[in-house]
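Q: I'll drop the sequence and a predicted model, then ask my questions.
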Protein chains: 2
Amino acid sequence: MTDRRTFIKRTVMMAAAAAMAPSGILAGADSRSGQCGISSGRHCGPGACSRKMILEWEDFTARMKHTFSISGSSRDTTPIVLTRLHWNGVTGYGEASLPPYLPETQASVRSYLKKVSEEVLPRFDDPFRIEDILAEADALMPGNTAAKASLDIALHDLVGRLIGQPWWKIWGWDAAKTPYTCYTIGWDASDETVFEKTREASWSKILKVKLGRGDEQDRRMIRLIRSVNPETPMFVDANQGWKDKEYALDMTGWLKEQGVVMIEQPMDKYDIDAHAWLTERSPLPVIADEACQRLSDVRRLYGAYSGINIKLMKCTGMREAREMVSLARALGMKLMIGCMTETSVAISAAAQLSPAMEWADLDGNILIANDCFDGMKLDKGKIMLGDAPGIGVTELGMR
Amino acid sequence: MTDRRTFIKRTVMMAAAAAMAPSGILAGADSRSGQCGISSGRHCGPGACSRKMILEWEDFTARMKHTFSISGSSRDTTPIVLTRLHWNGVTGYGEASLPPYLPETQASVRSYLKKVSEEVLPRFDDPFRIEDILAEADALMPGNTAAKASLDIALHDLVGRLIGQPWWKIWGWDAAKTPYTCYTIGWDASDETVFEKTREASWSKILKVKLGRGDEQDRRMIRLIRSVNPETPMFVDANQGWKDKEYALDMTGWLKEQGVVMIEQPMDKYDIDAHAWLTERSPLPVIADEACQRLSDVRRLYGAYSGINIKLMKCTGMREAREMVSLARALGMKLMIGCMTETSVAISAAAQLSPAMEWADLDGNILIANDCFDGMKLDKGKIMLGDAPGIGVTELGMR
């Protein structure tokens, strides 16, 4: 029950909050600067706080340390939208990463978040209502999975901060069980560059190689890496690049001899039958990446793949990812957590899930030059989880 | 890192804790008295607290308000074991309910909990390690699901209290979405007694009737109840009592006309094919009860039943129940939460899961005369969840 005094106080606060940020307009950070903007004065200070959730967002451009090449494209920057969700004086951070080969853009994320601010958040005064908030936000529009993740992550960060615990602890997991992240060695035309990148990655306990450029280039990359580093276990990600199941089976046999331990998305994501055929015969686990976007995909892929690669930007965030963990475990499917090029916000969010994962590919933040958050740390490649609440990040721009 | 002073302090505490309750010996409550014992002096006070978890247990005999009859047995009491898990000055409560038609006894629960105290708990100093603690406890012995639940519930209550939040909130659910509990009208030879019980249950929004005593008795019970109360929706629990799938299909048709909305476990729990046949044709949802014990059963029952009845005493507790929710939802199966004759400890633990449930049968605590805990409340049958942390119970004996 609310007494009259509290009621009046809350009414004043809600009016103030409505005056502060009703429209979800951009905080005005310069997206070209590649620096985190600080949206001062838009959220309440300790003395005047709203019971309504206020969502802010800003464009950010992540600059890659090295030009990033995958089958069919290469780039030096990645567009990102950073989010902040304020409630009762506490702020949670989120992020949408928008690699150019996927349909979402900064503009589409802004448009989605504006809709969330106007149509979903005003209906809730309690951020603990995670399931309903995210269900309503999900139902607003199809797709927009990275935009949805930027809300989900900020909401989890906020609630974790309110609870005072990191999510890996809330989920009852053991921080010691985090996997080592792999480190990706991209294709390069120059043998010397591949040697150099392989040497630079000597700290890593697991390498990842992107294949799918044809038999000759695929074998060349593996041989170049093995000539410098004969021992470190490798993941292979073919990014749907192999055309034929018999070829894929031959390659998995050869790759196993080369110390490869797992293969991601060898063939077309729509060809479930070919993957089921391969999984039944392959000496290596076959993991769905492009084929596995959301929770509803997992059941469909059961039997056709050995496991799934969960990425927050594909599956709409931590809530659905946690459900995918439960489902995949119950179905006996292996689990991997992956990422896009992301700042420490989304990487630290993904890291919360990592104690449940057999494998991790969470090198996104160490590939960018202008990370504006402090969060998940690696210790010789092992994911280290701390006791900081929520997703465990600090905004460096605020220091 | 631990400095020397802290290290010495902890060593002293651990020795003190070890001296207090190393063997898991009973606190000495009189199981025949039917009153909660207070195990004073066994757990640390605010000034001297252990970082080790200390588990206590005591026998308790729940006295039924009415003699309880199901197909094949009737009784006036239910043996229970109550647990308390202490850590760092905070106590979580748990419970094992042991109806006589199931294999566990107070002696088997004591024996299991002694083993947990000696072989599992000393290996952990952090109750947040829920997944590993319960996995190790589960692996100690097969079966013993109620004993396992008594540990699981106490651990969840403890961690919820440490977090300062109830589990329904930690899980991100909406307290407004709890279902109404059904209220069970047992078989009785006297028509007058059935009329009386039906009139007494007029507060309830959903009635539950136990059938499976033969066609004549089954139809008699439904007709007697409907002659007093023609409207209230009913669940039917046949407790495996129907011998034949064609008969079951006829009955579901007739029961639907009588305002029955769901049927639990119509036939033998081992006969999956008969249930699959029935589920495909039945006008009522068919729910697995005896057939569904643990998480691993859900996948097996998919396609054969419309949904599952989760009971903490069958599935080892809240952790596994929460996983069953994720799996059943992902498979599109309906969810019900049920109970044994239980005090407000186990009922309040089950109630935490109820916002995710379509149906609930959580009348266990209102059927007993000597409940020694205050917890979940009903408002005209609707499950009411509060903000009290953990499972939301208070020990009345301590007042």
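A: Arrived safely.

Q: From now on I want contacts and neighbour counts done on CA atoms only, so please keep to that.
A: Noted.

Q: Surely A:Asp273 touches A:Ala304?
A: Yes. Using CA atoms under 8 Å, A:Asp273 is in contact with A:Ala304, at 7.0 Å.

Q: which one of these two has more residues nearby?
A: A:Ala304 (20 against 12; other CA atoms under 10 Å in any protein chain shown).

Q: Ignoring the adjacent residues along the chain, who's closest to the more buried one?
A: Computed as CA to CA, 6 or more residues apart in numbering or on different chains, the closest residue to A:Ala304 that is not its neighbour in sequence is A:Ala276, at 3.7 Å.

Q: For that neighbour, what are phi and psi?
A: phi -60, psi -40 (degrees, to the nearest 10).

Q: What is the neighbour count of it?
A: 19.

Q: residues touching it, list them.
A: Counting by CA atoms under 8 Å, 6 or more residues apart in numbering or on different chains, A:Ala276 touches A:303-305.

Q: how much space is there between the residue nearest to A:Lys382 when sequence neighbours are not counted and B:Pro127?
A: Ranked by CA to CA, 6+ apart and with sequence neighbours excluded, the top spatial neighbour of A:Lys382 is A:Tyr180, at 4.0 Å. Distance from A:Tyr180 to B:Pro127, counting by CA to CA, to the nearest Å: 25 Å.

Q: Up against chain B, what does the stretch 101-250 of chain A have?
A: A:128-132, A:163-165, A:169-170, A:172-174 (CA under 8 Å from any CA of the partner chain).

Q: Which ones among those residues map onto helices?
A: If you go by DSSP state H, those have A:130-132, A:163, A:169-170 in helices.

Q: thinking again about what came up before, and the residue nearest to A:Ala304, how far is that from B:His156?
A: Distance of A:Ala276 to B:His156, given as CA to CA: 40 Å.

Q: ok, now A:Pro179?
A: From A:Pro179 to B:His156 the distance is 26 Å (CA to CA).

Q: A:Phe373 too?
A: A:Phe373 is 33 Å from B:His156, by CA to CA.

Q: between the two, who's got more neighbours?
A: Taking neighbours as other CA under 10 Å, A:Phe373 and B:His156 compare with B:His156 leading, 28 against 19.

Q: ok but that one is inside a strand, no?
A: No. According to DSSP: H, G, I helix; E, B strand; the rest coil, B:His156 belongs to no strand; its state is helix.

Q: check contacts around it.
A: Contacts of B:His156 by CA under 8 Å, 6+ apart are B:92, B:130, B:167, B:318, B:390-391.

Q: out of these, which touch chain A?
A: Near chain A, by the rule CA under 8 Å from any CA, you find B:Ile130 out of the contacts of B:His156.

Q: The contacts of B:His156, buried ones only, as a PyMOL selection?
A: A single PyMOL command selects the buried members of the contacts of B:His156 (16 or more other CA atoms under 10 Å in any protein chain shown):
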select buried, chain B and resi 92+130+167+318+390+391
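
Q: Pick out whichever of the contacts of B:His156 sits closest to chain A.
A: Using CA to the nearest CA, B:Ile130 is the member of these that sits closest to chain A, with 4.6 Å.

Q: just checking, A:Tyr93 touches A:Thr343?
A: No. Judged on CA under 8 Å, A:Tyr93 makes no contact with A:Thr343 at a distance of 11.2 Å.

Q: For chain A, which residues score under the pLDDT cut-off?
A: Counting by pLDDT under 70, the ranges of chain A that qualify are A:1-50, A:69-73, A:398-399.

Q: Of all the strand elements in it, which one is longest?
A: The longest strand of chain A (DSSP state E) is strand A:54-70.

Q: same for that one, what does it pack against?
A: Counting contacts by 3 or more CA pairs under 8 Å, 6 or more residues apart in numbering or on different chains; DSSP states H and E, strand A:54-70 is packed against strand A:73-87, helix A:106-119.

Q: Quick check: neighbours of the first one in the sheet, parallel or antiparallel?
A: Strands flanking strand A:73-87 in the sheet, each with its direction: strand A:54-70 (antiparallel), strand A:90-97 (antiparallel) (DSSP bridges).

Q: Can you say which of those is nearest to A:Gly241?
A: strand A:54-70 (10.6 Å; CA to CA).

Q: Now that closest one - C-alpha only, CSV.
A: This file holds the C-alpha atoms of strand A:54-70, laid out as CSV (Å, rounded to 0.1, in the frame of the first residue of the first chain):
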residue,chain,number,x,y,z
ILE,A,54,14.3,5.9,-18.9
LEU,A,55,16.2,4.5,-21.9
GLU,A,56,18.9,6.4,-23.7
TRP,A,57,21.0,5.4,-26.7
GLU,A,58,23.9,6.8,-28.7
ASP,A,59,25.8,5.8,-31.9
PHE,A,60,29.3,4.6,-31.4
THR,A,61,31.8,3.5,-34.0
ALA,A,62,34.2,0.7,-33.0
ARG,A,63,37.6,1.0,-34.7
MET,A,64,39.2,-2.4,-35.4
LYS,A,65,42.9,-2.9,-34.4
HIS,A,66,43.3,-4.9,-37.6
THR,A,67,41.3,-5.0,-40.8
PHE,A,68,38.8,-7.8,-40.3
SER,A,69,38.1,-10.3,-43.1
ILE,A,70,35.6,-13.0,-43.4
